[in-house]
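> With the input below, show me the fold.
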Amino acid sequence: MHPSIIDLTADCATEHERDMTMNDINATPATRSTNHTGELIYRFEAQLGEPFPVGVFDDGIRFHNNFDGRISDGPFAGARIYGLDEFKLRPDGVGEVVAPEAIDAGNVRASVHVRGYVVPPDGLEMPPLEAIATPGFEFPDLDFRFTGSATLATTSPEFTWLNSTIAILEGTVNMGTGTIKVEARAA
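So this is what the prediction gives:
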């Protein structure tokens with residue numbers, strides 16, 4: 001009679017070994033042997049297109065912003081990254097970002113789904129949302145801190161580990177210059 005998985009893991013000397021055994025059983029071949037925690041997925045700089053204000057709502061002003069840029073570092077270096085940033089600027093100056101994005105390296109492509117926050121510099125007095133919605137309003141030339149997370153999906157055999165990875169994103173967004181700088185690392 002063959003022992004069950006439970007019997008095999010119960011015989012492991014430590015909880016760590018038991019967890020490793022279960023992780024190996026549950027892992028796909030692409031993720032079984034490599035831990036990618038902390039690994040750089042990409043670093044990019046991009047340019048926002050003209051912000052399109054949807055309107056002022058009770059919880060903030062909503063914008064649709066497209067962006068386009070190049071990845072400068074990581075396994076996708078040189079690839080194009082682009083997408084739509086659905087952006088809500090709250091009355092307290094914090095921005096909420098939901099961004100479906102794409103990475104295009106020619107023969108390798110990945111979709112990226114980003115959720116995050118843009119936080120204004122300390123001491124910045126935010127104008128009323130109605131003023132921001134006024135045609136001709138110009139954002140100040142200041143870097144707002146961006147923090148977020150992302151899920152990725154690709155069919156490229158080399159990068160299937162991304163399909164089960166959460167990325168932690170850190171960077172800046174400058175609405176005055178339209179510049180986005182972001183780094184993504186595997187959580």
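> Neighbours of P157, how many?
Look at P157: counted by other C-beta atoms under 10 Å, it has 8 neighbours. For every residue, glycine as well, the C-beta is placed using N, CA and C.
> and the gap between it and T37?
21 Å (C-beta to C-beta, to the nearest Å).
> Any idea how far the lengthiest strand in the chain is from the middle of the chain?
The single longest strand within the chain, with elements called by DSSP state E, is strand 60-73. Its chain's average C-alpha position is 11 Å from that of strand 60-73, according to C-alpha atoms, centre = their mean, to the nearest Å.
> Check which helices and strands that strand sits against.
Here strand 60-73 touches strand 40-48, strand 52-57, strand 80-89, helix 129-132, going by 3 or more C-beta pairs under 8 Å, 6 or more residues apart in numbering; DSSP states H and E.
> Take the ones you listed and lay them out in TSV including mean neighbour count, distance to F139 and mean pLDDT.
Output for the helices and strands packed on strand 60-73, formatted as TSV (neighbours: other C-beta atoms under 10 Å; distance: least, C-beta to C-beta, whole Å; pLDDT from 0 to 100):
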stretch	mean neighbour count	distance to F139	mean pLDDT
strand 40-48	20	10	98
strand 52-57	13	12	94
strand 80-89	20	10	97
helix 129-132	14	8	94
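> For A184, find the nearest of these.
A184 sits nearest to strand 40-48 of all the helices and strands packed on strand 60-73, at 4.3 Å, using C-beta to C-beta.
> what's the model's confidence in stretch 179-187, averaged?
Averaging pLDDT along stretch 179-187 yields 98.
> ok, back up a step: wait, which of the helices and strands packed on strand 60-73 is closest to K181?
strand 40-48 (5.1 Å).
> Okay then, goodbye and thanks.
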